[in-house]
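Q: structure for this input, please:
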Amino acid sequence: MGKKNFFKELSEWVFALGIAVVLGVTINNFFVVAKVDGVSMMETLHDGEFLLINKLNYKLNEPKFYDVVAFKFYDKNENLQKNFVKRIIGLPGDRIDISNGELYINSEHIDEEIDTYILLDDVDFPVIVPDKSYFVMGDNRDNSHDSRSSDVSFVKFEEIIGSTSFRIWPINKFGKVEQKKLIGFDE
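A: Okay, the predicted model is just below:
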């Protein structure tokens, strides 16, 4: 191999490596992969699925109703930080009430396909969602550790990692995560 060919090949490798580094840094700054751990988001998401979380979305936009988000949660019992995946059902200033097994947002009854809402006895409803915070619940309402518990409580904007973009595993379910609307409730 001649000197000219060596430098040409070397420059191609350096260019390819540079592109790989730029792509890696870009992807790392805008996306993160999260694993669904548990059954709290069934039937939308299942235990063991992997999601692509869009970190850029909430740098440009405010979270909105029905968004499925990943957020940081510090588990005091296990003394570690986890990432939770839940659905936003209350925005700053919203009044959330769970009464007689029924959900109300801003005094409007939300007719979901849920028989009853399990209440944890450490949160007194109704609650008002504080500024720059969100009320979240798992889609599997009867089996979800979420804003109905005082240790999760309201999720602050700065705790939100991002919105779910795509399910990337298992491959047969690859695609956009459903951003369903609550039955009987319009924005």
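
Q: quick one: distance of the helix of greatest length in the chain to the chain centre.
A: Longest helix in the chain by number of residues (criterion: DSSP state H): helix 3-30. From the chain centre to the centre of helix 3-30 is a distance of 33 Å (CA atoms, centre = their mean, to the nearest Å).

Q: which parts of the very next helix or strand once past that helix are buried?
A: Counting by DSSP states H and E, the next helix or strand C-terminal to helix 3-30 is strand 31-35. By neighbour count with 16 or more other CB atoms under 10 Å, strand 31-35 contains the buried residues 32, 34. In this view, the C-beta of every residue, glycine as well, is placed from N, C-alpha and C.

Q: what's the helix or strand that comes right after strand 31-35 in contact with?
A: Next helix or strand after strand 31-35 toward the C-terminus (DSSP H and E): strand 50-54. Strand 50-54 has contacts (CB atoms under 8 Å, 6 or more residues apart in numbering) with 30-36, 45, 70, 85, 161-169, 177.

Q: direction included, what does strand 50-54 pair against?
A: If you go by DSSP bridges, strand 50-54 pairs up with strand 31-35 (antiparallel), strand 160-169 (antiparallel).

Q: tally up the residues packed near residue 36, please.
A: The number of residues packed near residue 36 is 23, by other CB atoms under 10 Å.

Q: for residue 100, what are phi and psi?
A: Dihedral pair for residue 100: phi 50, psi 40, per degrees, to the nearest 10.

Q: so that it lines up with my notes, have the first residue be 576 from now on.
A: With the count now opening at 576, the last piece we talked about shows up as residue 675.

Q: ok, it to residue 700 distance?
A: Distance of residue 675 to residue 700, computed by CB to CB, to the nearest Å: 11 Å.

Q: which one of those two is surrounded by more residues?
A: Neighbour tally, residue 675 and residue 700, criterion other CB under 10 Å: the higher count belongs to residue 700, 14 against 6.

Q: put the buried members of the contacts of strand 625-629 into a PyMOL selection.
A: Under the burial definition 16+ other CB under 10 Å, those of those that qualify are selected in PyMOL by:
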select buried, resi 607+609+611+620+645+660+736+737+738+739+740+742+752
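
Q: middle-most residue in the protein, spatially?
A: By CA atoms, centre = their mean, the chain has its centre lying nearest to residue 644, at 1.6 Å.

Q: name the residues linked to that one by a beta bridge.
A: For residue 644, the beta-bridge partners under DSSP bridges are residue 661, residue 738.

Q: list the contacts of it.
A: The contact partners of residue 644, by CB under 8 Å, 6+ apart, come to 638, 660-663, 709, 711, 730, 735-739.

Q: residue 662 now?
A: Going by CB under 8 Å, 6+ apart, the list of residues near residue 662 reads 616, 619, 641-644, 711-714.
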